[in-house]
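A.B. asks: Prediction below, plus the sequence it came from.
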Amino acid sequence: MEPFLAIGEILKEKGQRVICAFPEQFRNIAEESNLEFASLGTKFIDMLDSDDGKAAMGGSGSGFKKIMANIRLAKNSTEINKELINKQYELIETQNPDRILYNGKAIYPIIWGLKNKGKNILVCPMPYMHYVKGHTHVAFNSNFGDFFNKLTFSLVRFGMIMTVKISLRWLKFKEKISRKQIKNKYLSNKAIYTVSPSLFSRPDYWKENLNVVGYHERNKTANWESDKALTDFIERHNKILFITFGSMINPEPDKKTKIILDILERNQIPAIINTAAGGFVKPDKFDAELIHFVSQIPYDWIFPKIYGVIHHGGSGTTHLALKYGCATMIIPHIIDQFVWNKIIYKMGVGPKGIKIGKITTKNLEPKILELANNSSFKKKAEQVAIQMGEEDFREELYNSIVE
């Protein structure tokens, strides 16, 4: 949601009316930005918060367990997806917008775009959703060679086309729309990558409808103040790690927390741990002089005050950590987070992380020590921060939407 909120604030400042259509669980963050909110219901996020959702989103356990969890999710998601597509349809047909900016998970905007050429814009907060040499589609996270790399993009496109066709049946559209029409629309559709070119530069062979328009963030500190305990903790330490899994969940938060705490306390590394959506939990006993727990905190407030960040690898968190010059390590859970893990490692701003389901004290401890003690990570991150600080794509972003 964050990239859309940042764009929404820019559009509103320019005098545009903006409506955010999100799952109900994210109503508060839209209203914090003083943007209109339209609910897409609670069921999609509830499904991700279920035991099967947690198992599928990077939990530990056998591969069979994850496969079965994904099968059950696919089975149970049909009615949820029907409800989502109908809510999108009702909202869009009622409001008759001039433009729709949509996430790749939203399907009705693609259908709407078939009759409203140039008015629906895909927002990509992650790289490799369109073909880039040497890479598969972001969902595959690999490099299989040029032929098979291109094939992954074709497979994703085919899946999207079939999803659109199924959605048309759910909506009982009488007009016949062919696969070719959907494919042509997909290939010509405008897409904006809300990614810093310091992290992912636009290939010169891309068509004009694909643009990289920089990273944008909303002001999250407007209605937030630090408490004295947090301020005192920061003042007592000069080299703090901030650890968060953001909105990511896992089936064993107690175990993950214990692994992290054991490493930090044994090596006397001061840290702030963000419990956020439940990826970590605050235990009854821990070294409060060394560790401080928070439940919600604006990253743009805390990141300038700390040394390094260990996080799940979401696009927004990755950008913010580097924008404020933090040495970075990613513990990826799903999809693009594995890509960001590779990117930050290749950039030299931190060690390559371990996926959430594989972390142990034995394999994670040397990584955390490397992050905390290798000064080259911090220096490189500060260099990237200078580059990102010189970027200003607000006007380009706005013009790419309204023109």
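C.D. replies: Structure received. Residues are numbered from 1 along each chain as shown.
A.B. asks: Quick one: the strands in this structure, in order.
C.D. replies: For the chain, the strands defined by DSSP state E cover 19-22, 36-39, 100-102, 120-124, 190-193, 210-212, 241-244, 271-274, 291-294, 308-311, 327-330.
A.B. asks: Output the contacting helices and strands for the longest one.
C.D. replies: If I follow you right, that is strand 120-124. Helices and strands touching strand 120-124, by 3 or more CB pairs under 8 Å, 6 or more residues apart in numbering; DSSP states H and E, are helix 2-13, strand 100-102, helix 108-113, strand 190-193. From N, CA and C alone the C-beta is placed, and that goes for glycine too.
A.B. asks: and with 6 Å instead?
C.D. replies: The contact analysis (3 or more CB pairs under 6 Å, 6 or more residues apart in numbering; DSSP states H and E) places strand 120-124 against strand 100-102, strand 190-193.
A.B. asks: lowest-confidence helix or strand of the protein?
C.D. replies: helix 51-56 (a mean of 69; mean pLDDT, DSSP states H and E).
A.B. asks: rewinding a little: buried deepest among the strands of the chain, which one?
C.D. replies: Comparing those by mean neighbour count (mean count of other CB atoms under 10 Å), strand 327-330 comes out on top with a mean of 29.
A.B. asks: low pLDDT regions in this structure?
C.D. replies: For the chain, the stretches flagged by pLDDT under 70 are 54-66, 221-223.
A.B. asks: what's the domain layout of this structure?
C.D. replies: Listed by automatic domain parsing, the domain ranges of the chain are 2-219+392-402, 228-389.
A.B. asks: Run a quick neighbour tally on residue 104.
C.D. replies: Residue 104 is flanked by 17 other residues according to other CB atoms under 10 Å.
A.B. asks: Oh, that last question was meant for residue 290, not what I typed.
C.D. replies: 17.
A.B. asks: Tell me which of the domains of the chain is the most buried.
C.D. replies: Most buried among those, counting by mean count of other CB under 10 Å: domain 228-389, with a mean of 19.
A.B. asks: Now do that domain: distance to the chain's middle.
C.D. replies: On the basis of CA atoms, centre = their mean, to the nearest Å, domain 228-389 is displaced by 16 Å from the centre of the chain it belongs to.
A.B. asks: and the end-to-end length of it?
C.D. replies: By CA to CA, to the nearest Å, the extent of domain 228-389 from end to end equals 30 Å.
A.B. asks: Check the gap between residue 112 and residue 190 for me.
C.D. replies: Look at residue 112 and residue 190: by CB to CB, to the nearest Å, they are 14 Å apart.
A.B. asks: residue contacts, the nearest residue to residue 290 once chain neighbours are set aside?
C.D. replies: Distances taken as CB to CB, 6 or more residues apart in numbering put residue 270 closest to residue 290, at 5.5 Å, once the chain neighbours are dropped. By CB atoms under 6 Å, 6 or more residues apart in numbering, the contact set of residue 270 is 237, 240, 290.
A.B. asks: Closest one to residue 185 out of these, please.
C.D. replies: Among those, residue 240 lies closest to residue 185 (CB to CB), at 48.7 Å.
A.B. asks: Which residue is the nearest non-sequential neighbour of the closest one?
C.D. replies: Leaving aside its chain neighbours, residue 240 sits nearest to residue 306 (4.4 Å; criterion: CB to CB, 6+ apart).
A.B. asks: if you skip the residues just before and after it, what's nearest to residue 382?
C.D. replies: Among residues not flanking residue 382 along the chain, residue 325 sits closest, at 4.0 Å (CB to CB, 6+ apart).
A.B. asks: can you give me phi and psi for that neighbour?
C.D. replies: The phi/psi pair for residue 325 (degrees, to the nearest 10) reads phi 70, psi 30.
A.B. asks: That one contacts residue 380, doesn't it?
C.D. replies: No. In this structure residue 325 lies outside contact range of residue 380 using CB atoms under 6 Å: 9.3 Å.
A.B. asks: any idea how far the residue lying farthest from the centre of the chain lies from residue 96?
C.D. replies: Residue farthest from the centre of the chain, counting by CA atoms, centre = their mean, is residue 174 at 36.2 Å. Distance, residue 174 to residue 96, using CB to CB: 20 Å.
A.B. asks: Equivalent analysis for residue 301, please.
C.D. replies: To residue 96, residue 301 is 39 Å away according to CB to CB.
A.B. asks: can you check residue 213 too?
C.D. replies: Distance, residue 213 to residue 96, by CB to CB: 26 Å.
A.B. asks: Spatially, which residue comes closest to the residue nearest the centre of the chain, not counting chain neighbours?
C.D. replies: Closest residue to the average C-alpha location of the chain: residue 314 at 3.8 Å, with CA atoms, centre = their mean. Closest residue to residue 314 apart from its sequence neighbours, by CB to CB, 6+ apart: residue 246 at 5.3 Å.
A.B. asks: show me the contacts for that neighbour.
C.D. replies: Going by CB under 6 Å, 6+ apart, residue 246 touches 276, 312, 314, 317.
A.B. asks: Of the residues you listed, which belong to helices?
C.D. replies: Secondary structure defined by DSSP state H assigns residue 317 of these to helices.
A.B. asks: Can you add distance to residue 129 and give the contacts of residue 246 back as JSON lines?
C.D. replies: Converted to JSON lines, the contacts of residue 246 look like this (distance: CB to CB, whole Å):
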{"residue": "276", "distance to residue 129": "26"}
{"residue": "312", "distance to residue 129": "19"}
{"residue": "314", "distance to residue 129": "15"}
{"residue": "317", "distance to residue 129": "19"}
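A.B. asks: From the contacts of residue 246, pick the one nearest residue 168.
C.D. replies: Using CB to CB, residue 314 is the member of the contacts of residue 246 that lies nearest residue 168, at 31.9 Å.
A.B. asks: What separation is there between that closest one and residue 115?
C.D. replies: Residue 314 is 34 Å from residue 115, where distance means CB to CB.
A.B. asks: This completes my enquiry, with thanks.
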